[in-house]
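> Any chance you can model this:
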Amino acid sequence: MHNPLDIADLLKDELDERREDGHDVTEIAPKVWAAITHLDGRSRETLLEELEGTERLAEWSYVEPSTLDEILAVLPPAPTVAEPELDTLDEKILGAWLGRCAGCNLGKPFELWSRASIKSYMELADAYPITDYAPKLDPLPPGMSLNPSWTNTTKGRIDGMARDDDTDYTILGLHILETYGFSFGPEEVAREWLELLPFLQIYTAERAAMRNLIHGMPASEAARYRNPYRQWIGAQIRADMWGYVSPGDPESAVQLAFQDASLSHVQNGIYGELWVAALIAIALVETDMVRAVKSSISYVPPKSRLAEALNYVVEWHDLGHDWDAARDRMEQRWGELSPVHTVNNAAVVAAALLWGADDFTQTIGLAVSGGWDTDCNGATAGSVFGAMHGAQALPAHWVEPLNDRIRSALFGYDSSQISDLAGRTVRLAEANLERRAAQRANEAKEETWSSR
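Sure, this is the predicted structure:
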(Lines give C-alpha, C1' and ligand atoms only; values in the text may rest on other atoms or scores of the structure.)
Protein backbone atom coordinates (compact mmCIF):
# COMPACT_ATOMS: atom_id res chain seq x y z
CA MET A 1 0.00 0.00 0.00
CA HIS A 2 1.45 3.38 -1.09
CA ASN A 3 4.56 1.57 -2.28
CA PRO A 4 6.72 3.68 -4.63
CA LEU A 5 8.19 0.47 -6.03
CA ASP A 6 4.77 -0.77 -7.19
CA ILE A 7 3.49 0.69 -10.48
CA ALA A 8 -0.15 0.00 -9.53
CA ASP A 9 0.23 1.96 -6.30
CA LEU A 10 1.95 4.78 -8.15
CA LEU A 11 -0.89 4.96 -10.67
CA LYS A 12 -3.64 5.10 -8.05
CA ASP A 13 -1.80 7.55 -5.80
CA GLU A 14 -0.74 9.80 -8.67
CA LEU A 15 -4.36 9.94 -9.84
CA ASP A 16 -5.41 11.11 -6.38
CA GLU A 17 -2.58 13.64 -6.22
CA ARG A 18 -3.38 15.10 -9.64
CA ARG A 19 -7.07 15.41 -8.82
CA GLU A 20 -6.35 17.10 -5.46
CA ASP A 21 -3.85 19.39 -7.15
CA GLY A 22 -6.45 20.74 -9.56
CA HIS A 23 -5.61 18.74 -12.66
CA ASP A 24 -8.22 17.54 -15.14
CA VAL A 25 -8.30 13.77 -14.73
CA THR A 26 -11.87 13.20 -15.96
CA GLU A 27 -10.92 11.28 -19.08
CA ILE A 28 -7.93 9.42 -17.75
CA ALA A 29 -9.40 8.22 -14.44
CA PRO A 30 -11.36 5.25 -15.88
CA LYS A 31 -8.28 4.13 -17.79
CA VAL A 32 -6.19 4.31 -14.63
CA TRP A 33 -8.62 2.15 -12.67
CA ALA A 34 -8.72 -0.36 -15.50
CA ALA A 35 -4.94 -0.40 -15.69
CA ILE A 36 -4.51 -1.14 -12.01
CA THR A 37 -6.11 -4.58 -12.44
CA HIS A 38 -6.04 -5.47 -16.11
CA LEU A 39 -3.08 -4.08 -18.05
CA ASP A 40 0.51 -5.28 -18.14
CA GLY A 41 3.38 -3.34 -16.62
CA ARG A 42 4.38 -1.66 -19.87
CA SER A 43 0.86 -0.30 -20.41
CA ARG A 44 0.81 0.99 -16.84
CA GLU A 45 4.10 2.81 -17.44
CA THR A 46 2.65 4.54 -20.51
CA LEU A 47 -0.49 5.51 -18.63
CA LEU A 48 1.52 6.89 -15.71
CA GLU A 49 3.39 9.15 -18.13
CA GLU A 50 0.10 10.31 -19.57
CA LEU A 51 -1.25 11.00 -16.10
CA GLU A 52 1.82 13.04 -15.23
CA GLY A 53 1.15 15.22 -18.28
CA THR A 54 -2.38 16.25 -17.35
CA GLU A 55 -3.10 19.98 -17.31
CA ARG A 56 -4.37 22.00 -14.36
CA LEU A 57 -7.95 23.28 -14.56
CA ALA A 58 -8.31 26.94 -15.50
CA GLU A 59 -10.43 27.70 -12.44
CA TRP A 60 -7.72 26.56 -10.00
CA SER A 61 -7.25 29.52 -7.66
CA TYR A 62 -4.42 28.47 -5.34
CA VAL A 63 -0.90 29.85 -5.71
CA GLU A 64 1.59 27.26 -4.46
CA PRO A 65 5.24 27.81 -5.47
CA SER A 66 7.93 25.28 -4.62
CA THR A 67 11.22 27.21 -4.85
CA LEU A 68 12.54 29.11 -1.85
CA ASP A 69 12.74 32.46 -3.64
CA GLU A 70 9.16 32.15 -4.91
CA ILE A 71 7.89 31.10 -1.50
CA LEU A 72 9.61 33.98 0.28
CA ALA A 73 8.32 36.41 -2.35
CA VAL A 74 4.66 35.65 -1.57
CA LEU A 75 4.89 35.60 2.23
CA PRO A 76 3.29 38.52 4.10
CA PRO A 77 5.40 40.79 6.33
CA ALA A 78 6.92 38.84 9.20
CA PRO A 79 5.27 39.31 12.60
CA THR A 80 7.21 40.75 15.52
CA VAL A 81 8.75 37.99 17.62
CA ALA A 82 10.30 38.30 21.09
CA GLU A 83 14.01 37.84 21.76
CA PRO A 84 15.05 34.48 23.24
CA GLU A 85 15.91 34.21 26.93
CA LEU A 86 19.12 32.20 27.02
CA ASP A 87 18.69 31.19 30.65
CA THR A 88 15.51 29.22 29.82
CA LEU A 89 16.69 27.68 26.56
CA ASP A 90 17.91 24.41 28.10
CA GLU A 91 14.58 23.85 29.84
CA LYS A 92 12.51 24.65 26.76
CA ILE A 93 14.49 22.55 24.29
CA LEU A 94 14.48 19.60 26.68
CA GLY A 95 10.73 20.10 27.02
CA ALA A 96 10.36 20.06 23.24
CA TRP A 97 12.29 16.81 22.91
CA LEU A 98 10.35 15.14 25.75
CA GLY A 99 7.02 16.47 24.51
CA ARG A 100 7.74 15.14 21.05
CA CYS A 101 8.61 11.70 22.38
CA ALA A 102 5.60 11.46 24.70
CA GLY A 103 3.12 12.61 22.05
CA CYS A 104 4.58 10.21 19.49
CA ASN A 105 4.46 7.25 21.89
CA LEU A 106 0.85 8.06 22.74
CA GLY A 107 -0.19 8.09 19.10
CA LYS A 108 1.70 5.03 17.84
CA PRO A 109 -0.79 2.29 18.84
CA PHE A 110 -3.56 4.13 16.95
CA GLU A 111 -1.66 5.11 13.81
CA LEU A 112 -4.14 5.76 10.95
CA TRP A 113 -7.17 4.88 13.08
CA SER A 114 -10.29 6.96 12.68
CA ARG A 115 -11.23 9.26 15.55
CA ALA A 116 -14.42 7.23 16.05
CA SER A 117 -12.41 4.03 16.51
CA ILE A 118 -9.98 5.69 18.91
CA LYS A 119 -12.84 7.04 20.99
CA SER A 120 -14.62 3.69 21.02
CA TYR A 121 -11.46 1.82 22.07
CA MET A 122 -10.57 4.26 24.84
CA GLU A 123 -14.14 4.34 26.14
CA LEU A 124 -14.09 0.55 26.38
CA ALA A 125 -10.87 0.93 28.39
CA ASP A 126 -12.52 3.58 30.59
CA ALA A 127 -9.76 5.93 29.47
CA TYR A 128 -11.55 8.61 27.42
CA PRO A 129 -10.89 11.53 27.24
CA ILE A 130 -7.22 10.60 26.97
CA THR A 131 -5.24 11.37 30.11
CA ASP A 132 -2.44 8.77 29.92
CA TYR A 133 -0.78 6.32 27.56
CA ALA A 134 -3.21 3.89 25.95
CA PRO A 135 -3.97 0.69 27.87
CA LYS A 136 -3.93 -2.64 26.01
CA LEU A 137 -7.36 -4.27 25.99
CA ASP A 138 -7.26 -8.05 26.23
CA PRO A 139 -8.92 -9.38 24.23
CA LEU A 140 -9.01 -6.67 21.61
CA PRO A 141 -12.51 -5.62 20.53
CA PRO A 142 -13.66 -7.30 17.29
CA GLY A 143 -12.40 -5.53 14.19
CA MET A 144 -9.73 -3.55 16.07
CA SER A 145 -6.01 -4.13 15.66
CA LEU A 146 -3.41 -1.96 17.37
CA ASN A 147 -0.24 -0.97 15.54
CA PRO A 148 2.43 -3.65 16.18
CA SER A 149 4.31 -1.09 18.26
CA TRP A 150 1.75 -1.61 21.05
CA THR A 151 4.15 -3.99 22.78
CA ASN A 152 6.34 -1.06 23.82
CA THR A 153 4.04 1.98 23.51
CA THR A 154 1.02 1.04 25.64
CA LYS A 155 0.65 1.81 29.32
CA GLY A 156 2.87 -0.30 31.54
CA ARG A 157 5.01 -1.48 28.62
CA ILE A 158 6.94 1.70 27.83
CA ASP A 159 10.66 1.63 28.56
CA GLY A 160 12.09 4.55 26.62
CA MET A 161 10.91 6.25 23.44
CA ALA A 162 10.02 3.56 20.90
CA ARG A 163 11.71 3.67 17.52
CA ASP A 164 9.76 5.86 15.11
CA ASP A 165 10.53 7.78 11.94
CA ASP A 166 9.11 10.94 13.56
CA THR A 167 11.99 10.95 16.03
CA ASP A 168 14.57 9.43 13.66
CA TYR A 169 14.29 12.57 11.53
CA THR A 170 14.70 14.85 14.55
CA ILE A 171 17.94 13.05 15.41
CA LEU A 172 19.00 13.17 11.77
CA GLY A 173 18.48 16.94 11.72
CA LEU A 174 20.80 17.23 14.71
CA HIS A 175 23.37 15.07 12.96
CA ILE A 176 23.20 17.14 9.77
CA LEU A 177 23.78 20.39 11.65
CA GLU A 178 26.66 18.92 13.66
CA THR A 179 28.21 17.58 10.44
CA TYR A 180 27.71 20.46 8.01
CA GLY A 181 26.77 23.47 10.09
CA PHE A 182 23.99 25.80 8.97
CA SER A 183 24.95 26.01 5.29
CA PHE A 184 23.81 22.56 4.21
CA GLY A 185 21.56 21.96 1.22
CA PRO A 186 19.42 19.14 -0.15
CA GLU A 187 22.57 17.41 -1.46
CA GLU A 188 23.95 17.04 2.07
CA VAL A 189 20.58 15.86 3.36
CA ALA A 190 20.50 13.25 0.59
CA ARG A 191 23.99 12.04 1.45
CA GLU A 192 23.03 11.49 5.09
CA TRP A 193 19.80 9.72 4.14
CA LEU A 194 21.77 7.27 2.03
CA GLU A 195 24.40 6.84 4.72
CA LEU A 196 22.24 6.49 7.83
CA LEU A 197 18.61 5.59 7.01
CA PRO A 198 17.45 2.03 6.28
CA PHE A 199 15.36 2.10 3.09
CA LEU A 200 12.48 0.06 4.49
CA GLN A 201 12.23 2.19 7.65
CA ILE A 202 11.15 5.28 5.70
CA TYR A 203 7.87 5.68 3.89
CA THR A 204 5.90 7.24 1.02
CA ALA A 205 7.59 10.47 -0.19
CA GLU A 206 10.87 9.74 1.57
CA ARG A 207 11.08 6.23 0.16
CA ALA A 208 10.25 7.52 -3.33
CA ALA A 209 12.93 10.21 -3.08
CA MET A 210 15.51 7.74 -1.78
CA ARG A 211 14.66 5.33 -4.62
CA ASN A 212 15.42 8.17 -7.00
CA LEU A 213 18.68 8.97 -5.22
CA ILE A 214 19.77 5.33 -5.31
CA HIS A 215 19.21 5.36 -9.06
CA GLY A 216 21.56 8.32 -9.36
CA MET A 217 19.04 11.13 -9.68
CA PRO A 218 20.33 14.49 -8.35
CA ALA A 219 18.81 15.80 -5.12
CA SER A 220 17.25 18.72 -7.01
CA GLU A 221 15.01 16.31 -8.96
CA ALA A 222 14.31 13.58 -6.40
CA ALA A 223 11.07 15.09 -5.06
CA ARG A 224 9.16 15.10 -8.33
CA TYR A 225 9.89 11.89 -10.21
CA ARG A 226 7.26 9.22 -9.59
CA ASN A 227 6.48 10.55 -6.15
CA PRO A 228 2.71 10.94 -5.71
CA TYR A 229 3.31 11.46 -1.98
CA ARG A 230 5.07 14.79 -2.52
CA GLN A 231 2.41 16.77 -0.60
CA TRP A 232 1.97 14.32 2.24
CA ILE A 233 3.09 14.68 5.85
CA GLY A 234 6.64 13.31 5.59
CA ALA A 235 8.38 16.68 5.47
CA GLN A 236 6.23 18.14 8.24
CA ILE A 237 7.46 15.49 10.68
CA ARG A 238 11.07 16.47 9.89
CA ALA A 239 10.62 20.12 10.88
CA ASP A 240 11.33 20.23 14.59
CA MET A 241 15.12 20.47 14.70
CA TRP A 242 15.15 23.56 12.49
CA GLY A 243 12.80 25.29 14.94
CA TYR A 244 14.72 24.09 17.99
CA VAL A 245 17.92 25.75 16.80
CA SER A 246 16.18 29.01 15.78
CA PRO A 247 14.61 30.40 18.98
CA GLY A 248 12.88 33.68 18.17
CA ASP A 249 14.07 33.49 14.57
CA PRO A 250 11.40 31.81 12.42
CA GLU A 251 13.02 33.19 9.27
CA SER A 252 16.12 31.12 10.00
CA ALA A 253 13.97 28.08 10.81
CA VAL A 254 12.20 28.42 7.45
CA GLN A 255 15.46 28.72 5.52
CA LEU A 256 16.82 25.56 7.16
CA ALA A 257 13.56 23.65 6.80
CA PHE A 258 13.37 24.32 3.08
CA GLN A 259 16.75 22.70 2.46
CA ASP A 260 15.41 19.53 4.04
CA ALA A 261 11.84 19.55 2.73
CA SER A 262 12.68 20.21 -0.91
CA LEU A 263 14.54 16.90 -1.21
CA SER A 264 11.28 14.94 -1.11
CA HIS A 265 8.32 17.33 -1.30
CA VAL A 266 6.73 20.19 -3.24
CA GLN A 267 4.06 22.81 -2.55
CA ASN A 268 2.05 22.03 0.60
CA GLY A 269 4.43 19.22 1.45
CA ILE A 270 7.17 21.82 1.79
CA TYR A 271 4.91 24.32 3.53
CA GLY A 272 4.07 21.84 6.30
CA GLU A 273 7.74 21.67 7.28
CA LEU A 274 8.20 25.44 7.02
CA TRP A 275 5.10 26.01 9.18
CA VAL A 276 6.09 23.66 12.00
CA ALA A 277 9.69 24.91 12.02
CA ALA A 278 8.49 28.52 12.26
CA LEU A 279 5.89 27.64 14.89
CA ILE A 280 8.49 26.00 17.13
CA ALA A 281 10.92 28.90 16.68
CA ILE A 282 8.12 31.23 17.78
CA ALA A 283 6.95 28.96 20.62
CA LEU A 284 10.43 29.03 22.16
CA VAL A 285 10.00 32.77 22.86
CA GLU A 286 6.21 33.12 23.07
CA THR A 287 3.92 32.64 26.07
CA ASP A 288 0.54 32.57 24.34
CA MET A 289 -0.29 29.57 22.15
CA VAL A 290 -3.05 31.29 20.18
CA ARG A 291 -0.71 34.13 19.29
CA ALA A 292 2.04 31.65 18.35
CA VAL A 293 -0.22 29.68 16.02
CA LYS A 294 -1.53 32.83 14.35
CA SER A 295 1.98 34.22 13.88
CA SER A 296 3.24 30.95 12.39
CA ILE A 297 0.74 31.11 9.52
CA SER A 298 2.68 34.11 8.20
CA TYR A 299 5.34 31.62 7.06
CA VAL A 300 2.95 29.71 4.79
CA PRO A 301 2.15 31.01 1.28
CA PRO A 302 -1.15 32.83 1.85
CA LYS A 303 -2.97 31.47 -1.22
CA SER A 304 -2.08 27.84 -0.51
CA ARG A 305 -4.35 25.07 0.67
CA LEU A 306 -2.35 24.75 3.88
CA ALA A 307 -2.76 28.44 4.76
CA GLU A 308 -6.46 28.15 3.99
CA ALA A 309 -6.82 25.19 6.34
CA LEU A 310 -4.87 26.78 9.18
CA ASN A 311 -6.84 30.01 8.86
CA TYR A 312 -10.11 28.08 8.99
CA VAL A 313 -9.04 26.36 12.22
CA VAL A 314 -8.07 29.68 13.79
CA GLU A 315 -11.38 31.19 12.70
CA TRP A 316 -13.37 28.33 14.24
CA HIS A 317 -11.47 28.76 17.49
CA ASP A 318 -12.01 32.52 17.51
CA LEU A 319 -15.74 31.97 16.91
CA GLY A 320 -15.95 29.76 19.99
CA HIS A 321 -16.68 26.40 18.37
CA ASP A 322 -15.93 23.45 20.62
CA TRP A 323 -13.38 20.77 19.71
CA ASP A 324 -15.91 18.26 18.38
CA ALA A 325 -17.58 20.82 16.14
CA ALA A 326 -14.22 21.94 14.78
CA ARG A 327 -13.10 18.36 14.15
CA ASP A 328 -16.39 17.65 12.36
CA ARG A 329 -15.70 20.58 10.07
CA MET A 330 -12.23 19.23 9.34
CA GLU A 331 -13.76 15.93 8.34
CA GLN A 332 -16.19 17.66 6.01
CA ARG A 333 -13.49 19.73 4.31
CA TRP A 334 -10.46 17.41 4.24
CA GLY A 335 -11.76 13.95 5.07
CA GLU A 336 -11.20 12.71 1.52
CA LEU A 337 -7.49 13.46 1.62
CA SER A 338 -5.08 10.69 2.49
CA PRO A 339 -4.86 10.19 6.28
CA VAL A 340 -1.18 11.05 5.91
CA HIS A 341 -1.63 14.24 3.84
CA THR A 342 -0.07 17.48 5.10
CA VAL A 343 -3.17 19.68 5.03
CA ASN A 344 -5.62 17.68 7.14
CA ASN A 345 -3.04 16.63 9.73
CA ALA A 346 -1.69 20.17 10.09
CA ALA A 347 -5.25 21.27 10.82
CA VAL A 348 -5.52 18.70 13.62
CA VAL A 349 -2.20 19.81 15.11
CA ALA A 350 -3.17 23.49 15.04
CA ALA A 351 -6.54 22.69 16.59
CA ALA A 352 -5.01 20.56 19.34
CA LEU A 353 -2.69 23.42 20.26
CA LEU A 354 -5.55 25.95 20.26
CA TRP A 355 -8.12 23.85 22.12
CA GLY A 356 -5.46 22.30 24.35
CA ALA A 357 -5.77 25.32 26.65
CA ASP A 358 -2.12 25.29 27.79
CA ASP A 359 -2.53 21.80 29.21
CA PHE A 360 -0.06 19.20 27.95
CA THR A 361 -2.29 16.20 28.55
CA GLN A 362 -5.23 17.81 26.80
CA THR A 363 -3.07 19.00 23.92
CA ILE A 364 -1.53 15.67 22.97
CA GLY A 365 -4.77 13.88 23.86
CA LEU A 366 -6.68 15.95 21.31
CA ALA A 367 -3.92 15.59 18.71
CA VAL A 368 -4.12 11.81 18.94
CA SER A 369 -7.87 11.41 19.45
CA GLY A 370 -8.34 13.56 16.33
CA GLY A 371 -7.32 10.54 14.25
CA TRP A 372 -5.49 10.39 10.91
CA ASP A 373 -1.70 10.32 11.44
CA THR A 374 -1.86 10.03 15.20
CA ASP A 375 1.80 9.49 16.08
CA CYS A 376 2.92 12.37 13.86
CA ASN A 377 0.29 14.74 15.22
CA GLY A 378 0.90 13.79 18.83
CA ALA A 379 4.62 14.28 18.34
CA THR A 380 4.33 17.71 16.72
CA ALA A 381 1.77 19.03 19.21
CA GLY A 382 3.85 17.75 22.12
CA SER A 383 6.99 19.31 20.67
CA VAL A 384 5.40 22.75 20.27
CA PHE A 385 3.89 22.63 23.77
CA GLY A 386 7.20 21.59 25.32
CA ALA A 387 9.06 24.32 23.44
CA MET A 388 6.75 26.96 24.86
CA HIS A 389 6.30 25.70 28.42
CA GLY A 390 9.48 23.73 29.13
CA ALA A 391 10.18 20.32 30.59
CA GLN A 392 8.87 21.19 34.05
CA ALA A 393 5.38 21.70 32.61
CA LEU A 394 5.16 18.10 31.39
CA PRO A 395 3.40 15.80 33.88
CA ALA A 396 5.61 13.06 35.29
CA HIS A 397 3.41 10.20 34.10
CA TRP A 398 4.20 11.17 30.50
CA VAL A 399 7.94 11.71 30.98
CA GLU A 400 9.09 9.08 33.47
CA PRO A 401 8.33 6.03 31.27
CA LEU A 402 10.66 7.50 28.62
CA ASN A 403 13.59 6.82 30.96
CA ASP A 404 15.73 9.41 29.13
CA ARG A 405 16.27 6.94 26.29
CA ILE A 406 15.27 6.90 22.63
CA ARG A 407 15.41 4.00 20.18
CA SER A 408 16.34 4.80 16.60
CA ALA A 409 16.85 3.10 13.24
CA LEU A 410 19.37 5.82 12.41
CA PHE A 411 22.79 4.22 12.12
CA GLY A 412 24.86 4.92 15.23
CA TYR A 413 22.10 6.58 17.25
CA ASP A 414 20.06 3.77 18.78
CA SER A 415 19.46 4.03 22.54
CA SER A 416 20.65 7.65 22.72
CA GLN A 417 19.93 9.72 25.83
CA ILE A 418 17.20 12.26 25.24
CA SER A 419 18.88 14.71 27.61
CA ASP A 420 22.15 14.41 25.65
CA LEU A 421 20.39 15.08 22.34
CA ALA A 422 18.66 18.08 23.91
CA GLY A 423 21.94 19.44 25.28
CA ARG A 424 23.59 19.16 21.88
CA THR A 425 20.58 20.93 20.37
CA VAL A 426 20.98 23.82 22.82
CA ARG A 427 24.60 24.28 21.76
CA LEU A 428 23.54 24.45 18.13
CA ALA A 429 20.80 26.94 18.95
CA GLU A 430 23.31 29.18 20.69
CA ALA A 431 25.67 28.91 17.72
CA ASN A 432 22.87 29.79 15.31
CA LEU A 433 21.90 32.82 17.38
CA GLU A 434 25.51 34.04 17.23
CA ARG A 435 25.69 33.34 13.50
CA ARG A 436 22.49 35.24 12.74
CA ALA A 437 23.53 38.17 14.93
CA ALA A 438 26.81 38.42 13.01
CA GLN A 439 24.94 38.28 9.69
CA ARG A 440 22.63 41.10 10.73
CA ALA A 441 25.54 43.19 11.95
CA ASN A 442 27.31 42.77 8.62
CA GLU A 443 24.12 43.62 6.71
CA ALA A 444 23.67 46.76 8.81
CA LYS A 445 27.29 47.76 8.19
CA GLU A 446 26.95 47.25 4.44
CA GLU A 447 23.75 49.29 4.40
CA THR A 448 25.48 52.11 6.28
CA TRP A 449 28.37 52.16 3.80
CA SER A 450 26.06 52.00 0.77
CA SER A 451 24.08 55.01 2.00
CA ARG A 452 27.15 57.22 2.26
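
> SS state for Asp414?
coil (DSSP: H, G, I helix; E, B strand; the rest coil).

> What is the burial count for it?
Asp414 is flanked by 13 other residues according to other Cβ atoms under 10 Å. In this view, the C-beta of every residue, glycine as well, is placed from N, C-alpha and C.

> Look up how far Ala162 lies from it.
Separation of Asp414 from Ala162 (Cβ to Cβ, to the nearest Å): 12 Å.

> Now do the biggest helix by length in the chain: distance to the chain's middle.
When the chain is scanned for its longest helix (criterion: DSSP state H), the result is helix 418-450. How far helix 418-450 lies from its chain's middle: 25 Å, per Cα atoms, centre = their mean, to the nearest Å.

> average model confidence for that helix?
For helix 418-450, mean pLDDT rounds to 91.

> Kindly report the same for stretch 233-253.
Per-residue scores along stretch 233-253 average to 98.

> who touches both of Asp414 and Ala162?
Arg407 (Cβ atoms under 8 Å, 6 or more residues apart in numbering).

> Please name every helix or strand in contact with whichever strand or helix holds Leu10.
For Leu10, the element it lies in under DSSP states H and E is helix 7-20. With contacts taken as 3 or more Cβ pairs under 8 Å, 6 or more residues apart in numbering; DSSP states H and E, helix 7-20 sits against helix 28-38, helix 41-52.

> mind running it again at 10 Å?
Contacts defined by 3 or more Cβ pairs under 10 Å, 6 or more residues apart in numbering; DSSP states H and E place helix 7-20 against helix 28-38, helix 41-52, helix 204-214.

> Just name the most buried of those helices.
helix 204-214 (a mean of 23; mean count of other Cβ atoms under 10 Å).

> what angle sits between that one and helix 7-20?
Angle of helix 204-214 versus helix 7-20, following axes from the mean of the first three to the mean of the last three Cα atoms, to 10 degrees, is 120 degrees.

> Which SSE is immediately downstream of helix 204-214?
helix 240-244.

> Show me what secondary structure element comes after that following helix.
Counting by DSSP H and E, what follows helix 240-244 is helix 250-261.

> can you pull the buried residues of the longest helix of the chain?
Ile418, Leu421, Ala422, Arg424, Thr425, Val426, Leu428, Ala429, Asn432, Leu433, Arg436 (16 or more other Cβ atoms under 10 Å).

> Include distance to Asn147 when you put these into CSV, please.
CSV is the format used below for those (distance: Cβ to Cβ, whole Å):
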residue, distance to Asn147
Ile418, 22
Leu421, 24
Ala422, 26
Arg424, 30
Thr425, 28
Val426, 32
Leu428, 32
Ala429, 33
Asn432, 36
Leu433, 39
Arg436, 40
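
> Now render the helices and strands packed on helix 7-20 as TSV, adding mean pLDDT.
Formatted as TSV, the helices and strands packed on helix 7-20 follow (pLDDT from 0 to 100):
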stretch	mean pLDDT
helix 28-38	89
helix 41-52	88
helix 204-214	98
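
> can you list those in TSV and add distance to Gly382?
Listed next are the helices and strands packed on helix 7-20 as TSV, based on distance: least, Cβ to Cβ, whole Å:
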stretch	distance to Gly382
helix 28-38	38
helix 41-52	38
helix 204-214	22
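
> Which of these sits closest to Val290?
helix 204-214 (31.0 Å; Cβ to Cβ).

> Against which helices or strands is the closest one packed?
So helix 204-214, by 3+ Cβ pairs under 10 Å, 6+ apart, packs with helix 7-20, helix 186-196.

> Go through the helices and strands packed on helix 7-20 and name the closest to Gln332.
The nearest among the helices and strands packed on helix 7-20, by Cβ to Cβ, is helix 28-38 at 23.3 Å.

> Distance from the chain centre to that closest one, please.
32 Å.

> now do stretch 11-22
Relative to the centre of its chain, stretch 11-22 is centred 21 Å away, using Cα atoms, centre = their mean.

> quick one: buried residues of that stretch?
Leu11, Lys12, Asp13, Glu14, Leu15, Asp16, Glu17, Arg18, Glu20, Asp21, Gly22.
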